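> Build me a model:
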Amino acid sequence: MSVQTHERQKPHHRDMEASTFSRPHPVPLLKPSDLFNPMLTIRDVMKHDAPTCSPDASVAEAVRILRDEASEAIFVVSDGRPLGLLTDRRIALAVADHGDNLGQLRVQDLMRHGAPTVPADARLGVLLETFADEGVAVVDKEGRIQGVVRWLELLGHLSERALGKLIVNLFSLRKEG
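Down below sits the predicted model:
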């Protein structure tokens, strides 16, 4: 009994003539859709209550919010729109610089201006480009904060490779900044 081969199974002339000096082009190990569930949106994974405060809040008030929320960062908002971030690290460093007058400082004195944001209806893939160590603010169409996505919210929804890509992106941002 003879075995029939289909055209695509037959060896091709170009496959047999590979030079020892030629290198194959890299083939991606995974498609981008394999990094996360392509059906999920940011809204599906976000934490709905993001820690926020106003820029004119006292640093002590911000610290209480950070403590109560067990968070490392608080989004600074005005009219519900994120203006920036205040991290526990910035507060810790301010203690060294402003120890005597720390009680007089306002959040706006220490905050980092600008906060990473993503729309609630975006797919998870957008996080691969915008995610920051402190997380990312989820905003509605008017730019008002609706929630937050942090590491904890992502863990069950991204593949190991996607988490690795996020970490590489974060370290690249630290080197640039």
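
> The most centrally placed residue in the chain: what's it in contact with?
The central residue of the chain, meaning the one whose C-alpha is nearest the mean C-alpha position (C-alpha atoms, centre = their mean), is Phe131 at 1.6 Å. Remark: with contacts taken as C-beta atoms under 8 Å, 6 or more residues apart in numbering, Phe131 is in contact with 116, 149, 154, 166, 169-170. To be clear about C-beta, it is placed using only N, CA and C from the backbone, and glycine gets the same treatment.

> Can you say which of those are buried?
Of the members of the contacts of Phe131, the ones counted as buried by neighbours, 16 or more other C-beta atoms under 10 Å, are 116, 149, 154, 166, 169.

> and the fourth one, what pLDDT?
What that stands for is Leu166. Per-residue confidence for Leu166 comes out at a pLDDT of 72.

> That one touches Glu129, doesn't it?
No. With contact defined as C-beta atoms under 8 Å, Leu166 does not reach Glu129; the gap is 9.8 Å.

> On the three-state scheme, Asp133 is what?
Secondary structure for Asp133, judged by DSSP: H, G, I helix; E, B strand; the rest coil, is coil.

> I'd like the distance between it and Arg67.
As defined by C-beta to C-beta, to the nearest Å, Asp133 lies at a distance of 19 Å from Arg67.

> higher neighbour count, these two?
Neighbours were tallied for Asp133 and for Arg67 using other C-beta atoms under 10 Å; the higher tally belongs to Asp133 (18 against 10).

> before we move on, the earlier item: helices - which of the buried ones among the contacts of Phe131 land there?
The helices, defined by DSSP state H, take in 154, 166, 169 from those.

> Including distance to Ala60, could the residues you listed go into JSON lines?
As requested, those are arranged in JSON lines below (distance: C-beta to C-beta, whole Å):
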{"residue": "Leu154", "distance to Ala60": "31"}
{"residue": "Leu166", "distance to Ala60": "33"}
{"residue": "Asn169", "distance to Ala60": "34"}
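
> now, which of these sits nearest Leu93?
Proximity to Leu93 was ranked across those by C-beta to C-beta; first place goes to Asn169, at 24.2 Å.

> which residues sit in contact with that closest one?
When contacts are counted by C-beta under 8 Å, 6+ apart, Asn169 is found next to 128-129, 131.
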